[in-house]
Every structure is written in C-alpha cells, then in structure tokens.
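# need a 3D model of the following:
(chains A, B and C)
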Amino acid sequence: MKSEEFEVDTAGRFVSNITRDVKAFASEAGGDGILHVFVPHATCGVALMETGSGSEGDLEEMLRRFLPRDDRYRHQHGSMGHGGDHLLPVFVSPALSLPVEGGKVVLGTWQSVVVVDPNRENNTRRVQLRFIGG
Amino acid sequence: MKSEEFEVDTAGRFVSNITRDVKAFASEAGGDGILHVFVPHATCGVALMETGSGSEGDLEEMLRRFLPRDDRYRHQHGSMGHGGDHLLPVFVSPALSLPVEGGKVVLGTWQSVVVVDPNRENNTRRVQLRFIGG
Amino acid sequence: MKSEEFEVDTAGRFVSNITRDVKAFASEAGGDGILHVFVPHATCGVALMETGSGSEGDLEEMLRRFLPRDDRYRHQHGSMGHGGDHLLPVFVSPALSLPVEGGKVVLGTWQSVVVVDPNRENNTRRVQLRFIGG
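I've put the predicted structure just below:
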C-alpha cells in the first residue's frame, strides 16, 4: 500500500481544494484501484464538490444555519459555537474512497476533492492519501 | 479491477433505485471484496436507504427544508435554487463502498442502493461500478 | 478477505463507541489495507467523531432539529417520528472505510468509530468488519 501525508493550511477557508495533490499521488502510484483520502481530525471532513462558482460560500452559509455558532453545545471547549464543528464529520466524513484507472483519479468534470473545515482554531490539517491496487 | 458504467434516467425522481444493477455486477465479478459505486456528477449522491415505504418523499421534503429552492445561493447558474443542488454531494457522497461476499453484495433486508438526485436540469446520470478483490 | 460480525446494544444511546472492537479486529487481521465497517440496517449509520466531551448529546439535539419526531413523514411504520430515522443513513452512511497500517487502524487523537442510532425500536445492531489487504 503506497501512502503519503501532506499538510493543508485552511486559514480563512471553509473549503480547501486538494485535487491537484490527489491527482499527483495517483499518477505516482499508477495502475488501477482505490485512492483513500483521510483527514485524522475530529472537526473537518473530505468531500467532492464544484469549486470556483460560489458553492464554497453557499456551503458556509448552510453550515452556519445547520450548526449555529451559539452557546447551545454541551461540548464547551474552544470558542462560541466550536461544539458544532465537532458534529461536522458525522455528516461530512473524514474518509473518502475514489476510483483510480491507469494512474488517473476518476472525477467528473465539475468534481473537485476538498477538505471542509469550519474550525478556525486549528488551521493546519493533515491529509493522508493511500492507494490500494485493484 | 473489473468495472462497468451505466446510465440512470432520474427524471421526476429524487431517489432512483439501482440495487438490481449493483447486484448483477457483483454476481458477474464474483468472489469477495469491495464494490465501489461512483457517480461522476456534482449535484447528486449515492446512498443506502429503504425504498417503497414513503421515505423517498420524506427525503424530498427534508431536502427542500435543508436546501431551500430560493435565491440565497452565490452559485447562480441554472434555475432558482439550483445552487442548493451543488451542496448535496457534500452531505450525500457520490462515492460508496459496499462489501461483497461470494459474488453477493452484502445488504440488510431494508437497504437499497440509490442515486439521490435533487437536480432537475440533468436527468441522465452515469453510475460507475468497480470491484476490488479482497 | 477477513471478516467479523458482532452485535451492539444501542438501548438509550444515540452514539455507541465501537473503536475498541475495530482496533482489535485490525490487530488480528494484521498488515496494511482498508478496514470496512458496515451496519446492515436502514435506520443507523457509522461515523468518526470525538466522544466523551459532550458531542453525543449535541448530535442528539441537532438530529432532533434536523429530523423532527413529529407526524410529517410519509413513512408511517413505528412510533411518532420514526420516518425520520429512515432518512439518517442517507446522511450518515452505514459504510465507512478506514486505513490500516501494520495492523493498526489509523485514527486521529480525537477520532472514535461510532454507530449513530436514533431509532429506539431496534436496539440490537449488527456491525460487520472486513479487511482488504493493500
């Protein structure tokens, strides 16, 4: 199993595009199989979405509605509303499996691989990539 | 890695049941391993749910509440509310891994494999199936 | 493909921590690869989240808001609001793939593997673990 880890600085961004890194890793790994993307964190997730057309801001608005930054949370560490960040990975999983064919990640035209991170208390996120040959 | 692609016409349906196709592919692939289901689109996802007892309509009602079809979205392409369709795959992933044993997809009694598609602007969806032997 | 099934009693709990079982299975399986966690049920899911700091209760509050226990559902079996339980797995998938290295599940410091079960009508849940070598 080939693997790689790199860091992403998510400061000031709900959505960080890591498609380029994922493609480069698949190209090095070569062959056919599954590329597993994983973030070993409890307040962010990995997703596929279109970027560059406004959906990053739409996602932020929706998450603010869905997980309000107020004092409702039992989880009391960190700043106001941080408890909501801890619910995000239940809905946006930190693990994502993508198909690879001939060293290329299979993605639709409008799909980018992104880290979704609503948490402003930790801006350095580790991303782990692994390749399982088919 | 064995693979197959087929199209689903989602016209008029939030939820399209593809269990039969998934089972047929697993049967052809045979053996034990993981069956990876993938839709290369930015406005739909893949899920497991019970069908035929009303949950399809319940999901539509819930998504209308969760992602209202109004003018709130920065993503401005398409019809009113289409920006919300672009947030769906963040929560309903377009990638799903299912276990296969002896050429049979392991599913609970009430689990069906479905494509969830709130987007009425593209009704022809491609579904890709891949089998990774264990 | 090595596999194992065990039962979890989710009575009185939205969130059941199964990390210990998952780690024990990975240790027995050994090697590098992917550990697939699966629940063959239509009203629960599997997730990674921090436990023991209040997020279990926060998740329950949020799900009550997101999937109200009232009479809105077309799915009419079971007690009031049970139709909402049937929407949960669309958002909290019953399938989760985790990386394994040298017989150890790779998890971040605050990540636990949990079964999320809002359904109080079936408290005995089956959890299936499978290991695919890389």
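# from memory residue A:54 sits against residue B:72, does it?
No - counting by C-beta atoms under 8 Å, residue A:54 does not reach residue B:72; the two are 11.0 Å apart. Just so you know, the C-beta spots here come from the backbone N, C-alpha and C atoms, and that holds for glycine as well.
# anything in contact with each of those two?
Common neighbours of residue A:54 and residue B:72, counting by C-beta atoms under 8 Å, 6 or more residues apart in numbering or on different chains, are residue B:83.
# next one: residue A:113 from chain C, what distance?
The gap separating residue A:113 from chain C is 15 Å, by C-beta to the nearest C-beta, to the nearest Å.
# on the three-state scheme, that residue is what?
Recorded secondary structure, residue A:113: strand (DSSP: H, G, I helix; E, B strand; the rest coil).
# give me the number of residues near it?
25 (other C-beta atoms under 10 Å in any protein chain shown).
# check whether stretch A:61-71 contacts chain B.
Yes - under the criterion of C-beta under 8 Å from any C-beta of the partner chain, chain B is reached by stretch A:61-71 at A:61, A:62, A:66.
# name the SS class of the second one, please.
What it means is residue A:62. Per three-state DSSP, residue A:62 ends up helix.
# how about the closest residue in space to residue A:80 that isn't next to it in sequence, secondary structure?
Closest residue in space to residue A:80, ignoring its immediate chain neighbours: residue A:69 at 5.8 Å, by C-beta to C-beta, 6 or more residues apart in numbering or on different chains. Here residue A:69 is coil, with the state taken from three-state DSSP.
# does residue A:69 touch residue A:85 like I think?
No - applying C-beta under 8 Å, one finds residue A:69 not in contact with residue A:85, separated by 9.0 Å.
# neighbour-wise, which of these two wins?
residue A:85 (26 against 16).
# can you pull the contacts of that one?
A:43, A:44, A:67, A:78, A:118, A:119, A:121.
# how about the first one, secondary structure?
Assigned with three-state DSSP, residue A:43 falls in the coil class.
# next, count neighbours for it.
Residue A:43: 26 neighbours (other C-beta under 10 Å).
# ok, it touching residue A:90?
No - using C-beta under 8 Å, residue A:43 is not in contact with residue A:90; the gap is 11.0 Å.
# and the nearest residue to residue A:133 once chain neighbours are set aside, how far from residue C:75?
In this structure, residue A:133 finds its nearest non-sequential neighbour in residue A:33, 4.3 Å apart by C-beta to C-beta, 6+ apart. Distance, residue A:33 to residue C:75, by C-beta to C-beta, to the nearest Å: 38 Å.
# tell me where chain A has strands.
Per DSSP state E, chain A carries strands over the ranges A:2-9, A:15-17, A:33-38, A:45-49, A:95-101, A:104-105, A:112-116, A:124-133.
# residues making contact with the shortest one?
Strand A:104-105 is touched from outside by A:22, A:23, A:26, A:27, A:35, A:98, A:99, A:113, with contacts defined as C-beta under 8 Å, 6+ apart.
# just the contacts of residue A:85 now: which is nearest residue B:39?
residue A:44 (23.4 Å; C-beta to C-beta).
# quick one: residues contacting that closest one.
A:10, A:85, A:88, A:89, A:92, A:94, A:115, A:116, A:117, A:118, A:119, A:125 are the contacts of residue A:44 under C-beta under 8 Å, 6+ apart.
# would you mind listing the residues in contact with residue A:130?
Per C-beta under 8 Å, 6+ apart, neighbours of residue A:130: A:1, A:2, A:3, A:4, A:35, A:36, A:38, C:34, C:99, C:134.
# just the buried ones among the residues you listed, please.
A:1, A:2, A:3, A:35, A:36, A:38, C:34, C:99, C:134 (16 or more other C-beta atoms under 10 Å in any protein chain shown).
# wait, isn't the second one in contact with residue A:131?
So that's residue A:2. Yes - contact between residue A:2 and residue A:131 holds when scored by C-beta under 8 Å: they sit 4.6 Å apart.
# overlap in contacts of the two?
With C-beta under 8 Å, 6+ apart as the test, residue A:2 and residue A:131 both reach residue A:29.
# re the thing from before, of the contacts of residue A:44, which is the most crowded?
That'd be residue A:94 among these, by other C-beta under 10 Å, with 29 neighbours.
# how deep is the closest residue to that residue other than its chain neighbours tucked in, by neighbour count?
Among residues not flanking residue A:94 along the chain, residue A:39 sits closest, at 4.5 Å (C-beta to C-beta, 6+ apart). The number of residues packed near residue A:39 is 26, by other C-beta under 10 Å.
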